[in-house]
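Colleague: Please find the sequence and the predicted model below.
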Amino acid sequence: MDGQSSVSKMMVWTPMSKVRENRKKYKRKYRLRKDMETVEYTAGIKTCRSCAKRPPEERNFEISNIAEVFLSKLTLLSSRVDRESTTEATKTFSIHYKDQTPALDLECSKEDIARGWVTGIQHLMRKRRTETIIDKRKRWISEYFHKGKNTDDRLESKEAKAVLSQMNIQIKESQIDTVIQKLDKDQTGALSLDEFTQFYNVMTARQEIEELFDKWKSDDPDEADPPHASRYAVDGDNMRVHELMEFLAQEQKVATEPKGCQQLIERFEPNSELKKKKLLSLEGFTLYLQSAEGNVFNHTHDQVYQDMTQPLSHYFIASSHNTYLLEDQLRGPSSKEGYVKVLLKGCRFLELDCWDGDDGEPVIYHGYTLTSKVLFREVIEAIGRYAFKKSPYPVFLSLENHCSVVQQRTLAAHMVNILGDSLCNIPATSDMQELPSPQRLHGKIIVKNKKLKQNVVEDDVSDEDEAAETEDVEVQERVKTSKKKTIKLAKELSDLVNICHAVHFHSFEHSREKDMPYNISSIKEGKANHLVEDQAADFIDHTKRQLVKIYPSGGRVDSSNIDPHLYWAAGCQIVALNYQTPCDQMDLNLGLFRQNGRCGYVLKPEALRDEQTRLDTSKNIADKYKKTLKIKIISGFQLPTPEGEGSGGSAVDPYVKVQVYGVPADCAEEGTEVVKNNGFHPVWNCDMTFPLTFPDLALVRFEVKEHDTMSDSETIGQFSLPVSSMQQGYRHVHLLSKDQEDLSPAALFIHVSLQ
C-alpha cells in the first residue's frame, strides 16, 4: 500500500485500542483530519445511559509532534508497557513524540490496518520534511479552515471570526465584516478556502515589512535610480532581480548572483505570472523573510559543516545526566524511553547506573532512592536500535557500576551480544598522543568505566558513586548503611573499556604528569565552579587533550539543570543535563547543538583547541577576538497565549527579553517595553547593543514573555542559537515552546548586525 492511499484510508474513523500498563486496553476511534496535520480520537461507546447521551469528547495530536512511528511488539507489565520495533506481522503500532508526551501504543483489529497507519504517518512526516514555505503556509491555513468550516465546506462570518481567534488574530469585528463582504464574490455570506486564504492575507498584512519592501521606492517605475539612495522595489508594486540582489547584499549581507535571485523568486513568488516575469511581489518577499533563508539561524548549519576529523577532546558533546529518569531524582520512573528520547534529540553521552537485579539480571535506577528500575538488557537493546538514527557519530555509555562480579559479566555479555561490532575496539596504547576523531569513530559506541591494569583478572577499584551524593535525608541514611568505598571489577567488563578510561581528578598538575589522552574525569558542579573561576586557563589547556564530564550537585533532586555555558567557556566537552526538564539551561544546550546538523558534536573555537594559545576566559581577553552584536527587536507576529489564560491573542501583554551567554564578560540581558493587549502584532522597534569579548563562544536566547504584575511572567515562546550561526540583516526568529515545540507561525521580526 502506497503512502497516499494509506493517508486517504486514515481519514475514516478507525476503531483501535489504546494499550496501557496492567494489561488494560481502552477502546478509541481515530481518524486523520482533512487538513492532514491532525489525528483526532474519541473514547469508545459509553456503557451507562447518562454518559451515552453526551457526545464523546474529541481529542487530538499533531503529526508534527511525532518523532517516530513503527510496527511494534508489546510486552504488558504491571507498571509499564515495553515495546520493540518489529518487521513481523502485528496488529499493533507505537508512536514516540518529540516532546515529553508518553509513547502511544495502539492495537488494531487487523494487521493491514496497523501497517496502513504506520505507512500513512511516515508518508506525512516525509512530506513535511521536504515541503516549501508556500506549502507549509497553505497547509497551516487549510488546517484552521477545516477546523471551523460548516457542512458546505465554507466559513460563515461568525465561524471565520472564531477561526481568526484560534489563529491568534484579534481584529475589530467591523473590520472583519468589511473584508468578508469584499472577498465574498458569490455573495453567499460565507468564504471558500481560496477566499479565506485571501482573507487571511489581508488580515495579516504587516506594515513594517511593506515599508522595508517599499524602501527608497520611486513613484515612476521608469525613472532612473535617484542619486540619494538605492531602491529595492521599483517596478510599481514588485521587486526586480537586480533590486533583490542589492537588498540581499546591503541588508542581509548575502552575496549572490542574478541566477540565485531568480531561484529565490521561483521558490517564493506565489503568483505564476509574476514568476514568469522574474518579479517578486510583497507577498513573495514576505514569504522569503519567513522562510529558512530569512531565518535568524543560518540554515546551512542544518547540515554537518564542521571538520569532524579532529580529536574527540576538541568538540563539545551533547550529554545527558541520569538518562533513564523521566522526572525527579528521588521517586520518579526509570525507563528505556529516556534513552530513546534523548538519542532522537541528538544526545551522544548516556548515563547508566547499574545495580544487581533479580534472577541474575542487572537493573538501572538511581541508587539508594525510590526511583523505579529498568532492566539493563532492555536499555542496551533500545540504545542499539536508536543510537545512530539521528546522528552517525559516536555514542558514549557512561557506566556507574555497582554490580557484583557475576552481574558485571552479564553487563558485558549483553553489550557484546546486542551491540556487537558497533562497540569501539580501538586500543588505548601508552604512546597515544590524542584521542581518535568522531569521523574515525563513525557508528561506534564507546564504553566509559574503570579499567583493570594489564594482565589483572579481577581487582578492587574505587566506587565513584554520584547517587551517594544525593542531598536527601532518607537517601543519606541508606548510603551510610550500604555504600562501599571499593568494588571488585570483572575483567570481562574492563575489557570493553579502551579510549574512555575513568580516573579520579586530583589536579591539573597531576593530570599533566600522570594522565593519558584516553583518561576521563568526572567533576561535580561545585568543584567545577571553583576551577572555572580560579584556574580557567589550566582548565582550557587540560580539555585540549582530555575529556571532562561535569555533573550536577546532589542537591538538584528536582532534576533542575546547571548552567552549561560556564563550563563550555572552560573547554569542558561533556556537561551532563537532565533532558527531561524544560528550562533556560536546556534551551541553551539545544541551541548550541542545533548547529552542525544536530549531530551532537560541535567543534570548539580554535583558541580552545590550539596548543600554542594560552587563553583565560575568566579574565581579560585579547582585543583581536572582540566584536559588537547589535539587535533590533522590530515586532512580533501571532504570539500564542500562555497556557491557562484563555484563548485569543488580545489577552497578551508581551515583551521580549534577549540574553547573551558565553564567557563571563559577555553575559548580559536587555529587554523591550511591554506592549499592552496585543499578541497578534506587537511592535517594539527596540535597539540593543551587546559588546562581545569572545563571540565564538557566545549564545543568544530570545524569550517572549507575558507581563504579569501579580506573579512571575509566563514564557510565551523562546529560541536560542550560537552567535556564530546567526544571519545578519532582517530576520525572523521562529519561536519554540518551553518543551521545544514549534509555535509556527509565531515569530519575532528583528534586525541583526555583527561587526
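Modeller: Alright, I've got the coordinates. Owing to the predicted nature of the structure, the values given are computational and were not obtained by experimental measurement.

Colleague: Worst mean pLDDT across the helices and strands of the protein, which element?
Modeller: Lowest mean confidence among the helices and strands of the chain (mean pLDDT, DSSP states H and E): helix 49-53, at a mean of 51.

Colleague: which parts of the helix or strand that comes right after that one are buried?
Modeller: Sequence-wise, the next helix or strand downstream of helix 49-53 (DSSP states H and E) is strand 58-62. For strand 58-62, the neighbour count (16 or more other CB atoms under 10 Å) marks Phe61 as buried. Every residue, glycine included, has its C-beta placed from N, CA and C.

Colleague: Identify all contacting residues around the helix or strand that comes right after strand 58-62.
Modeller: Toward the C-terminus, strand 58-62 is succeeded by strand 66-76 as the next helix or strand (DSSP H and E). Residues from elsewhere that reach strand 66-76 (CB atoms under 8 Å, 6 or more residues apart in numbering): 19, 21-23, 81-88, 90, 92-98, 105, 107, 114-115, 117-118, 121-122, 125, 341, 344, 389.

Colleague: Inside strands: which ones of the residues you listed?
Modeller: Among those, the residues falling in strands (DSSP state E) are 19, 81-85, 92-97, 105, 107.

Colleague: re earlier: drop anything exposed from the contacts of strand 66-76.
Modeller: Looks like these have 19, 81-83, 90, 92-98, 105, 107, 114-115, 117-118, 121-122, 125, 341, 344 buried, using 16+ other CB under 10 Å.

Colleague: Gly729 and Val752 touch, don't they?
Modeller: Yes. In this structure Gly729 lies within contact range of Val752 using CB atoms under 8 Å: 6.6 Å.

Colleague: now, which of the ones in strands among the contacts of strand 66-76 sits nearest Pro270?
Modeller: Pro270 has its nearest neighbour among the ones in strands among the contacts of strand 66-76 in Tyr97, at 32.7 Å by CB to CB.

Colleague: What distance do you get for that closest one to Ala67?
Modeller: Taking CB to CB, to the nearest Å as the measure, Tyr97 falls 6 Å from Ala67.

Colleague: Repeat that for Arg154.
Modeller: Per CB to CB, Arg154 is found 36 Å from Ala67.

Colleague: Quick check on Gln306: phi, psi?
Modeller: Main-chain torsions, Gln306, degrees, to the nearest 10: phi -90, psi 160.

Colleague: Skipping adjacent residues, who's closest to it in space?
Modeller: In space, and not counting its chain neighbours, Gln306 is closest to Leu603: 4.3 Å by CB to CB, 6 or more residues apart in numbering.

Colleague: try Tyr386
Modeller: Distances taken as CB to CB, 6+ apart put Leu343 closest to Tyr386, at 4.4 Å, once the chain neighbours are dropped.

Colleague: Just list the residues touching that neighbour, thanks.
Modeller: Shown in contact with Leu343 (CB under 8 Å, 6+ apart): Leu350, Ile383, Tyr386, Ala387, Lys389, Lys390, Val395.

Colleague: What's the mean pLDDT across stretch 264-283?
Modeller: Per-region confidence: stretch 264-283 scores 93 on mean pLDDT.

Colleague: Show me what counts as buried in it.
Modeller: 264-265, 267-269, 274-275, 278-283.

Colleague: can you check stretch 552-560 too?
Modeller: Buried residues in stretch 552-560 (16+ other CB under 10 Å): Pro552, Ser553, Gly554, Arg556, Val557, Ser559, Ser560.

Colleague: Poorly predicted segments of the stretch 101-250 of the chain, please.
Modeller: 149-151, 170, 216-236 (pLDDT under 70).

Colleague: can you give me the strands in it?
Modeller: Along the stretch 101-250 of the chain, the stretches classed as strands by DSSP state E, counting those that start in this stretch are 104-107, 155-156, 190-191.

Colleague: Turn those strands into TSV, columns for distance to Asp359.
Modeller: Shown next, in TSV, are these (distance: least, CB to CB, whole Å):
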stretch	distance to Asp359
strand 104-107	26
strand 155-156	62
strand 190-191	65
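
Colleague: Could you name the stretch from the ones you listed that's closest to Thr178?
Modeller: strand 190-191 (13.6 Å).

Colleague: what would the buried residues of stretch 552-560 look like in TSV with pLDDT?
Modeller: Supplementary listing: the buried residues of stretch 552-560 in TSV, determined by pLDDT from 0 to 100:
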residue	pLDDT
Pro552	95
Ser553	93
Gly554	90
Arg556	93
Val557	92
Ser559	93
Ser560	95
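
Colleague: and of the residues you listed, the nearest to Gly636?
Modeller: Ser560 (29.1 Å).

Colleague: which phi and psi does that closest one have?
Modeller: Per degrees, to the nearest 10, the backbone of Ser560 is at phi -70, psi 170.

Colleague: Hmm, it is touching Pro582, no?
Modeller: No. Between Ser560 and Pro582 there is no contact under CB under 8 Å: 11.0 Å.

Colleague: Narrow the buried residues of stretch 552-560 to those in strands?
Modeller: Short answer: the buried residues of stretch 552-560 have none in strands (DSSP E).

Colleague: Export those as a markdown table, with columns for distance to Glu458.
Modeller: Output for these, formatted as a markdown table (distance: CB to CB, whole Å):
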| residue | distance to Glu458 |
| --- | --- |
| Pro552 | 32 |
| Ser553 | 33 |
| Gly554 | 30 |
| Arg556 | 35 |
| Val557 | 35 |
| Ser559 | 36 |
| Ser560 | 39 |
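
Colleague: Just list what the longest strand anywhere in the chain packs against, helices and strands only.
Modeller: For the chain, the longest strand by residue count, based on DSSP E, is strand 742-754. Counting contacts by 3 or more CB pairs under 8 Å, 6 or more residues apart in numbering; DSSP states H and E, strand 742-754 packs against helix 133-148, helix 282-290, strand 627-637, strand 714-722, strand 729-736.

Colleague: Can you get me the centre-to-centre distance for the first one and its chain?
Modeller: For helix 133-148, the distance between its averaged C-alpha position and the chain's averaged C-alpha position is 24 Å (CA atoms, centre = their mean, to the nearest Å).

Colleague: now stretch 205-213
Modeller: 31 Å.

Colleague: got the contact list for it?
Modeller: Contacts of stretch 205-213 (CB under 8 Å, 6+ apart): 232-233, 239, 282, 285-286, 289, 634-635, 637, 681, 683, 730, 749.

Colleague: Top of the residues you listed by number of neighbours, please.
Modeller: The most neighbours of any of the contacts of stretch 205-213, using other CB atoms under 10 Å, belong to Met239, which has 30 neighbours.

Colleague: Tell me the spacing between that residue and Lys275.
Modeller: Met239 sits 13 Å away from Lys275, going by CB to CB.

Colleague: Equivalent analysis for Glu477, please.
Modeller: 73 Å.

Colleague: for the stretch 651-755 of the chain, which spans come out with low pLDDT?
Modeller: Regions of the stretch 651-755 of the chain meeting the criterion pLDDT under 70 cover residues 651.
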